[in-house]
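# quick one, fold the following:
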Amino acid sequence: MPAAERLVILDRDGVINQDSDEYVKSLEEWIPFPTAIEAIARLTRDGWTVAVATNQSGIARGYYGVEMLEAIHVRLRELVQEAGGEIAHIAHCPHGPGDGCACRKPSPGLLEEIREALALDSLEGSWMVGDSLRDLQAGEPMGCRPVLVRTGKGRRTEEKGEGLEGAMIFDDLAAFVEWLLAREGGANDAQASPFR
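Numbering: from 1, shown residues only. So this is what the prediction gives:
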């Protein structure tokens with residue numbers, strides 16, 4: 001059973017792959033950051049567990065179906081496996097903003113699904129990595145440590161500066177993973193940019 005302290009939960013769009021205001025509706029439109037794929041693989045190789053929590057309201061809006069979402073996630077898993085890594089669980093919310101569900105971030109439902117899927121007592125001490133405030137807010141009641149990346153909507157989120165107290169900020173997922181693994185190895189955290 002994985003330990004929560006060695007679990008990294010990732011948002012998808014804007015963290016693992018390019019985001020789009022028009023939604024990522026097909027395999028052709030799903031463009032992963034190569035450095036993010038390698039970063040996930042590095043975590044796995046170092047004994048960390050990686051999970052994904054992603055809002056996918058494009059399903060509720062009729063832009064694409066669950067089958068397309070699954071095809072994208074199959075491709076994501078394949079790329080990570082080819083790089084020597086693994087994604088332990090992918091949790092998605094198919095609902096729209098007005099559906100009143102418990103899973104759409106900033107609600108913590110997706111993280112609760114991850115906790116149950118990984119048979120963890122809690123997510124206390126795990127890391128929640130996202131490019132928007134709602135990603136970090138989803139992790140807060142679960143005891144996750146917040147990390148904002150500047151890819152995707154991250155720079156806009158950082159510029160707003162609201163609700164980022166206590167969050168660490170990195171240029172991208174690869175930079176966070178570099179810091180995390182160096183930190184574990186006893187190196188200093190000079191590369192980290194805690195929000196002030």
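# what packs against the longest helix along the chain?
Longest helix of the chain, by residue count under DSSP state H: helix 66-82. The elements that helix 66-82 packs onto, with contact taken as 3 or more C-beta pairs under 8 Å, 6 or more residues apart in numbering; DSSP states H and E, are helix 34-45, strand 89-93. C-beta: built from backbone N, CA, C; applies to glycine.
# let's see that with 7 Å instead.
In this structure, helix 66-82 packs against helix 34-45, with contacts taken as 3 or more C-beta pairs under 7 Å, 6 or more residues apart in numbering; DSSP states H and E.
# now the helix it packs on against helix 66-82, angle please.
Interaxial angle of helix 34-45 relative to helix 66-82 (axes from the mean of the first three to the mean of the last three C-alpha atoms, to 10 degrees): 70 degrees.
# quick one: the helices in the protein, in order.
Using DSSP H, helices in the chain cover 34-45, 66-82, 109-117, 133-139, 154-160, 173-184.
# any idea which of the ones you listed gets closest to Glu5?
Among the helices of the chain, the nearest to Glu5 by C-beta to C-beta is helix 173-184 (10.4 Å).
# how far away from the center of its chain is that closest one?
Centroid displacement of helix 173-184 relative to its chain, using C-alpha atoms, centre = their mean, to the nearest Å, is 15 Å.
# list the contacts for Gly85?
Ile40, Ala41, Leu43, Thr44, Arg45 (C-beta atoms under 7 Å, 6 or more residues apart in numbering).
# and if we set it to 8 Å?
Ile37, Ile40, Ala41, Arg42, Leu43, Thr44, Arg45, Val50 (C-beta atoms under 8 Å, 6 or more residues apart in numbering).
# taking those, tell me the two that lie furthest apart.
Farthest apart among these - using C-beta to C-beta - are Ile37 and Arg45, which lie 12.7 Å from each other.
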